[in-house]
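Peer 1: quick one: sequence and predicted model below, then my questions.
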Amino acid sequence: MKLLIGIIFLALVSCGSPETPKAYVTSQKGGITVIDLTTKEVINEIDIQSSGPRGIGVSNDGKYLVTANKDDANLTIIDRVSGKVVSQVEVGKNPEFIRVFNDLVFVSTEPASTGKPPAQNEHEGKDDDDDDDDKTPAQIAVVDIKQGKKLREIEGGPETEGIEFNQDGTKVIVTNEADNTITIHDLNSGELLKTLDVKPFGDRPRGIKMSPKGNLYVSTLEHSDNFIVLDQDFNHQKTIATGSNPYGVSFDSTGDRLFVASSKSKLLEVFETENFTKIKDIPLDGKRCWHFSFTPDNNELLMACGRSDELKVIDTNKLEVTGSISVQGIPWGVVTYPKAIGSLDDVR
């Protein structure tokens, strides 16, 4: 018995201490800020050797971080533990939104966009992302993380934004802002399988998320202050009103609640997902709060508020803001490791 205990002890020592959970935040005027989720303190700043990072993802094995760098039309692939840049991959004009699927990164690029940073008017509350009338189709670049190589492109609609996958991983779903469509494509071939016109329900589809239960999808319609609910076959089921300019959206890990960031109302709205009745509005008192992630234990939610240079900390049980972490340089996206569900990531 003593011998067995000794063997177990040596095995534990040789494996080292468990890693402290961390959050990784991109800032448009900086790189990646690393936050210790136990202490809620900034512990590192990663130089991505590029400019204008927005979208961020973490590989399933936790080895790599990936950022979409809008100013330089590329992705940066980073060794997550050391913080060293592994490679940079050209992907196309104005890359913005990233989703990781197995060893692949899917990144939206926007040839129709000006690439300028969001404008802001303090008096009118104007804080829009790029709006452009150019209808040039966007491309979703598909990059192999380990090879550091772009494999192919999927043609989306003009100004492709959000990216999601179906439950069995055979389809990729994208929101196209400029022509008010949601398009569904074969994940491997890129073939267009279906186009959903959302104009009858609202304007400018932005965020898109599948329920962890796999039975429905939700997409925010930013300029009509609502979101739509779709069934498994991407048919419209209902439209639900929100605050002003909803963008980032995610279910919780159980799929029982839906969280929606309504940026101009400065709210994080919480709905139950049986009938999508409002549970609570959480006041954020932050500017341009777009993207968020749950923590790995699901007890807190981290919200990036770009124009107030902070990360809001929200208790997901009490549904109230409990703190703020200073992150300079217009924070845009946030993910965690261990991986957690959020507006930019998933745990599949």
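Peer 2: Thanks, I have it. Quantities reported herein were computed from a predicted structural model and do not represent experimental measurements.
Peer 1: adjacent strands (with direction) for the one helix or strand Lys209 maps to?
Peer 2: Per DSSP states H and E, Lys209 falls inside strand 205-210. Strand pairing for strand 205-210, determined by DSSP bridges: strand 216-221 (antiparallel).
Peer 1: neighbouring contacts of the strand it pairs with?
Peer 2: 162, 164, 173, 175, 182, 198, 201-211, 226-232, 234, 237, 242, 246-249, 251, 258, 260, 273 (Cβ atoms under 8 Å, 6 or more residues apart in numbering). Every residue, glycine included, has its C-beta placed from N, CA and C.
Peer 1: which among the residues you listed count as buried?
Peer 2: 162, 164, 173, 175, 182, 198, 201-202, 204-211, 226-230, 234, 242, 246-249, 251, 258, 260, 273 (16 or more other Cβ atoms under 10 Å).
Peer 1: let's see stretch 81-92 as CSV, backbone CA atoms only.
Peer 2: Output in CSV follows, covering the C-alpha atoms of stretch 81-92 (Å, rounded to 0.1, in the frame of the first residue of the first chain):
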residue,chain,number,x,y,z
VAL,A,81,2.2,28.8,-22.6
SER,A,82,5.4,30.6,-23.7
GLY,A,83,3.6,33.5,-25.5
LYS,A,84,6.0,33.2,-28.4
VAL,A,85,4.8,33.7,-32.0
VAL,A,86,4.9,30.5,-34.0
SER,A,87,3.7,31.8,-37.4
GLN,A,88,1.7,34.4,-39.2
VAL,A,89,-0.6,33.5,-42.0
GLU,A,90,-2.0,35.8,-44.6
VAL,A,91,-5.8,35.3,-44.9
GLY,A,92,-7.3,38.3,-46.7
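Peer 1: which parts of it are buried?
Peer 2: Using 16+ other Cβ under 10 Å as the burial criterion, the residues of stretch 81-92 that qualify are Gly83, Val85, Val86, Ser87, Gln88, Val89, Val91, Gly92.
Peer 1: and Ala241, bridged to which residues?
Peer 2: Asn226.
Peer 1: what about it, distance to Leu284?
Peer 2: Using Cβ to Cβ, to the nearest Å, we find Ala241 at a distance of 19 Å from Leu284.
Peer 1: neighbour count winner among the two?
Peer 2: Set side by side, Ala241 and Leu284 show more neighbours around Leu284, with 22 against 13, by other Cβ atoms under 10 Å.
Peer 1: would you confirm that His223 belongs to a helix?
Peer 2: Yes - under DSSP: H, G, I helix; E, B strand; the rest coil, His223 sits within a helix.
Peer 1: neighbours around it, how many?
Peer 2: There are 17 residues near His223, going by other Cβ under 10 Å.
Peer 1: list the contacts of it.
Peer 2: Neighbour list for His223: Gly202, Asp203, Arg204, Asn245 [criterion: Cβ under 8 Å, 6+ apart].
Peer 1: so the last one touches Ser265, yeah?
Peer 2: Yes - with contacts defined as Cβ atoms under 8 Å, Asn245 counts as touching Ser265 at a distance of 7.4 Å.
Peer 1: between these two, which is the more surrounded one?
Peer 2: Using other Cβ under 10 Å as the criterion, Asn245 and Ser265 rank with Asn245 on top: 24 against 19.
Peer 1: how about the helices in the stretch 201-348 of the chain?
Peer 2: For the stretch 201-348 of the chain, no helices are identified by DSSP state H, counting those that start in this stretch.
Peer 1: let me see the ranges of the strands in it.
Peer 2: 205-210, 216-221, 226-231, 236-241, 246-251, 257-262, 267-272, 278-283, 289-294, 300-305, 310-315, 320-326, 331-337 (DSSP state E, counting those that start in this stretch).
Peer 1: isn't Lys40 up against Ile325?
Peer 2: Yes - here Lys40 reaches Ile325: they are 5.8 Å apart, a contact under Cβ under 8 Å.
Peer 1: residues touching the residue nearest the centre of the chain, list them.
Peer 2: Nearest to the mean C-alpha position of the chain, by Cα atoms, centre = their mean, lies Leu344 at 1.7 Å. By Cβ under 8 Å, 6+ apart, the residues touching Leu344 are Gly55, Ile56, Gly57, Phe97, Ile98, Arg99, Gly248, His291, Ser293, Gly333, Val334, Val335.
Peer 1: you'd agree the first one is up against Gln28?
Peer 2: No - using Cβ under 8 Å, Gly55 is not in contact with Gln28; the gap is 11.0 Å.
Peer 1: what about these two, which has more around it?
Peer 2: The neighbour comparison of Gly55 against Gln28 (other Cβ under 10 Å) goes to Gly55, with 25 against 19.
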